[in-house]
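> only the shape, not the letters, is given here:
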């Protein structure tokens with residue numbers, strides 16, 4: 001491992017072209033500087049200078065070493081400053097629920113960066129502790145405040161080769177004739193089941209999944225049809241959506257943060273911007 005002090009000796013000798021002048025510049029005795037140069041040459045396994053009566057002349061290995069030595073010494077000099085800058089940067093840990101629109105999520109992250117360009121941002125799995133959560137309003141905890149950011153409509157999704165793929169409009173009651181995939185924590189599915197129950201109709205539930213992404217995989221596999229958020233399926237070429245008559249079904253996504261705790265400073269600065277302008281989604 002190279003001693004940075006020896007590299008500083010080398011740089012001084014290279015630039016001054018004189019051992020005495022280099023020793024004065026480094027505030028060490030000439031013998032100490034010469035000993036340091038010998039140690040560096042032994043470490044590298046090559047001689048660096050030709051010594052003469054009028055000074056020293058750099059050899060090819062010295063010319064090769066010089067830019068690398070300057071870079072290493074400069075980086076070492078700046079290291080404490082970089083650590084101080086890192087220590088003063090704002091930090092924010094954001095837990096994100098799965099199955100969100102990538103486009104809308106990217107729009108939110110762009111806005112966060114615009115407000116806090118020096119932010120150290122960590123995106124965490126939904127179940128891990130964090131400063132705030134990006135989630136549904138229905139999943140807000142009692143001790144949290146919900147800041148709405150965008151809405152996603154639930155749309156009926158079918159595979160492109162499904163018999164319903166060409167339909168311009170579908171009555172809600174017609175869903176009972178087709179295999180349906182259920183997502184238990186889904187408001188749209190529960191609302192659909194409730195509306196059909198009012199007419200004494202039921203869905204033919206053939207499968208269920210615990211996430212929207214898994215429901216989409218089942219639809220793509222041809223297992224059945226299902227409602228999914230439009231943001232999740234916007235880039236999925238294997239699916240098409242069919243308009244269904246009836247009330248609008250949607251979900252509201254936003255930021256959940258503690259109501260009775262001291263907020264993360266970065267979050268405190270970010271909230272008014274998000275509340276005032278919304279996201280670019």
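Cool, the structure landed. Please read these numbers as outputs of a predicted model, since none were measured by experiment.

> got the domain ranges for the chain?
Domain assignment of the chain by the TED database yields the ranges 4-87, 94-254.

> of all those, which one is nearest residue 270?
domain 94-254 (5.7 Å; CB to CB). Quick note: C-beta positions are derived from backbone N, CA and C, even for glycine.

> dump the domains of the chain into CSV; add mean neighbour count, mean pLDDT and distance to residue 275 as well.
CSV is the format used below for those (neighbours: other CB atoms under 10 Å; pLDDT from 0 to 100; distance: least, CB to CB, whole Å):
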stretch, mean neighbour count, mean pLDDT, distance to residue 275
domain 4-87, 15, 88, 29
domain 94-254, 16, 91, 6
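
> how about those domains in TSV, adding distance to residue 263?
TSV is the format used below for those (distance: least, CB to CB, whole Å):
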stretch	distance to residue 263
domain 4-87	20
domain 94-254	8
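
> who's in contact with stretch 135-146?
Applying CB atoms under 8 Å, 6 or more residues apart in numbering, the external contacts of stretch 135-146 come out as 95, 97, 126, 133, 148, 187, 251-260.

> stretch 239-247 now?
Contacts for stretch 239-247 (CB under 8 Å, 6+ apart): 155-160, 164-165, 167-172, 175, 191, 195, 216, 219-220, 230, 233.

> can you get me the start-to-end distance on that stretch?
One end of stretch 239-247 to the other measures 23 Å (CA to CA, to the nearest Å).

> next SSE after the host helix or strand of residue 80?
Here residue 80 sits within helix 60-88, counting by DSSP states H and E. As assigned by DSSP H and E, the chain's next helix or strand after helix 60-88 is strand 91-96.

> from the chain's centroid, how far away is that next one?
When distances are taken as CA atoms, centre = their mean, to the nearest Å, strand 91-96 is centred 9 Å away from the chain's centroid.

> taking strand 91-96 as reference, get the angle to the following helix or strand past that strand.
The helix or strand immediately downstream of strand 91-96 is helix 102-115, counting by DSSP H and E. Computed by axes from the mean of the first three to the mean of the last three CA atoms, to 10 degrees, the angle separating helix 102-115 from strand 91-96 equals 170 degrees.

> which residues sit against the helix or strand that comes right after helix 102-115?
The C-terminal neighbour of helix 102-115 among helices and strands, as given by DSSP H and E, is strand 120-125. Residues outside strand 120-125 that contact it (CB under 8 Å, 6+ apart) are 86, 89-96, 109, 112-113, 130.

> I'd like those laid out as CSV, including distance to residue 226.
Formatted as CSV, the contacts of strand 120-125 follow (distance: CB to CB, whole Å):
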residue, distance to residue 226
86, 46
89, 43
90, 41
91, 39
92, 34
93, 33
94, 28
95, 26
96, 23
109, 28
112, 32
113, 35
130, 30
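
> now flag whichever of those is closest to residue 34.
Nearest to residue 34 among the contacts of strand 120-125: residue 86, at 39.0 Å, using CB to CB.

> identify the residue spatially nearest to residue 30, adjacent ones excluded.
With CB to CB, 6 or more residues apart in numbering as the criterion, residue 30 has its nearest non-adjacent residue at 4.5 Å, and that residue is residue 23.

> all strands of the stretch 151-281 of the chain, in order?
According to DSSP state E, counting those that start in this stretch, the stretch 151-281 of the chain carries its strands in the segments 179-182, 204-208, 226-229, 239-242, 250-258.
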